[in-house]
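# Build me a model:
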Amino acid sequence: MAGSAKLLSMQQIRTYTTSATRAGIGFGSALAITISWSLHKSILWAIIHGVLSWFYVVYYILIR
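Next comes the predicted model:
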(Lines give C-alpha, C1' and ligand atoms only; values in the text may rest on other atoms or scores of the structure.)
Protein backbone atom coordinates (compact mmCIF):
# COMPACT_ATOMS: atom_id res chain seq x y z
CA MET A 1 0.00 0.00 0.00
CA ALA A 2 1.07 3.58 -0.57
CA GLY A 3 2.57 5.42 2.40
CA SER A 4 1.29 4.63 5.85
CA ALA A 5 -2.33 4.11 4.79
CA LYS A 6 -3.93 0.92 6.04
CA LEU A 7 -7.36 -0.58 5.96
CA LEU A 8 -9.24 -1.01 9.21
CA SER A 9 -11.15 -4.14 10.00
CA MET A 10 -14.77 -3.93 11.16
CA GLN A 11 -13.64 -4.92 14.67
CA GLN A 12 -11.17 -2.02 14.78
CA ILE A 13 -13.84 0.40 13.58
CA ARG A 14 -16.24 -0.84 16.28
CA THR A 15 -13.49 -0.46 18.88
CA TYR A 16 -12.77 3.14 17.84
CA THR A 17 -16.48 3.97 17.75
CA THR A 18 -17.07 2.44 21.17
CA SER A 19 -14.07 4.28 22.61
CA ALA A 20 -15.24 7.61 21.22
CA THR A 21 -18.77 7.05 22.47
CA ARG A 22 -17.53 6.18 25.94
CA ALA A 23 -15.42 9.33 25.90
CA GLY A 24 -18.58 11.35 25.27
CA ILE A 25 -17.90 12.22 21.65
CA GLY A 26 -21.00 11.74 19.55
CA PHE A 27 -21.30 11.66 15.79
CA GLY A 28 -22.74 15.18 15.72
CA SER A 29 -19.80 16.57 17.67
CA ALA A 30 -17.27 14.78 15.50
CA LEU A 31 -18.99 16.02 12.35
CA ALA A 32 -19.19 19.60 13.65
CA ILE A 33 -15.51 19.57 14.63
CA THR A 34 -14.52 18.21 11.22
CA ILE A 35 -16.56 20.82 9.34
CA SER A 36 -15.29 23.61 11.57
CA TRP A 37 -11.65 22.57 11.21
CA SER A 38 -11.94 22.30 7.42
CA LEU A 39 -13.34 25.84 7.21
CA HIS A 40 -11.50 27.76 9.94
CA LYS A 41 -8.35 25.74 10.80
CA SER A 42 -8.83 26.90 14.42
CA ILE A 43 -8.87 24.68 17.48
CA LEU A 44 -10.93 27.24 19.43
CA TRP A 45 -13.68 27.30 16.79
CA ALA A 46 -13.57 23.51 16.51
CA ILE A 47 -14.14 23.18 20.27
CA ILE A 48 -16.99 25.71 20.25
CA HIS A 49 -18.66 24.04 17.27
CA GLY A 50 -18.11 20.61 18.83
CA VAL A 51 -20.02 21.74 21.92
CA LEU A 52 -22.83 23.06 19.74
CA SER A 53 -22.67 19.81 17.70
CA TRP A 54 -25.90 19.25 15.71
CA PHE A 55 -26.90 22.93 15.92
CA TYR A 56 -23.74 23.87 14.04
CA VAL A 57 -24.15 21.03 11.54
CA VAL A 58 -27.71 22.14 10.71
CA TYR A 59 -26.58 25.78 10.52
CA TYR A 60 -23.78 24.79 8.12
CA ILE A 61 -26.22 22.86 5.91
CA LEU A 62 -28.68 25.74 5.78
CA ILE A 63 -26.08 28.45 5.13
CA ARG A 64 -23.81 26.60 2.68
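
# Where does pLDDT dip in the chain?
1-6, 8, 16-24 (pLDDT under 70).

# What separation is there between Met10 and Val57?
Separation of Met10 from Val57 (C-beta to C-beta, to the nearest Å): 26 Å. No exception for glycine: its C-beta is placed from N, CA and C like everyone else's.

# try Gln11
Per C-beta to C-beta, Gln11 is found 28 Å from Val57.

# unless I'm mixing things up, Gly28 is touching Leu52, no?
No: Gly28 is beyond contact range of Leu52, at 9.1 Å (criterion: C-beta atoms under 8 Å).

# thinking Leu52 is in contact with Leu31, fair?
No: if you go by C-beta under 8 Å, Leu52 and Leu31 don't touch, sitting 11.3 Å apart.

# about what we covered before: compare Gln11 and Val57 and say which one has the larger neighbour count.
Higher neighbour count among Gln11 and Val57: Val57, with 19 against 8, using other C-beta atoms under 10 Å.

# In contact with the more buried one, which residues are there?
Gly28, Leu31, Ala32, Ile35 (C-beta atoms under 8 Å, 6 or more residues apart in numbering).

# Could you identify which of those residues has the most neighbours?
Ala32 (25 neighbours).

# helix, strand or coil for it?
helix (DSSP: H, G, I helix; E, B strand; the rest coil).

# So the residue nearest to His40 when sequence neighbours are not counted versus Ile61, what's the distance?
Nearest non-adjacent residue to His40, counting by C-beta to C-beta, 6 or more residues apart in numbering: Ala46, 7.3 Å away. Relative to Ile61, Ala46 is positioned 18 Å away (C-beta to C-beta).

# who's more crowded, these two?
Per other C-beta under 10 Å, whichever of Ala46 and Ile61 has more neighbours is Ala46, with 19 against 9.

# What is the distance between stretch 40-60 and the centre of its chain?
Distance of stretch 40-60 from the chain centroid (C-alpha atoms, centre = their mean, to the nearest Å) equals 10 Å.

# What residues of it count as buried?
Ala46, His49, Gly50, Leu52, Ser53, Tyr56, Val57 (16 or more other C-beta atoms under 10 Å).
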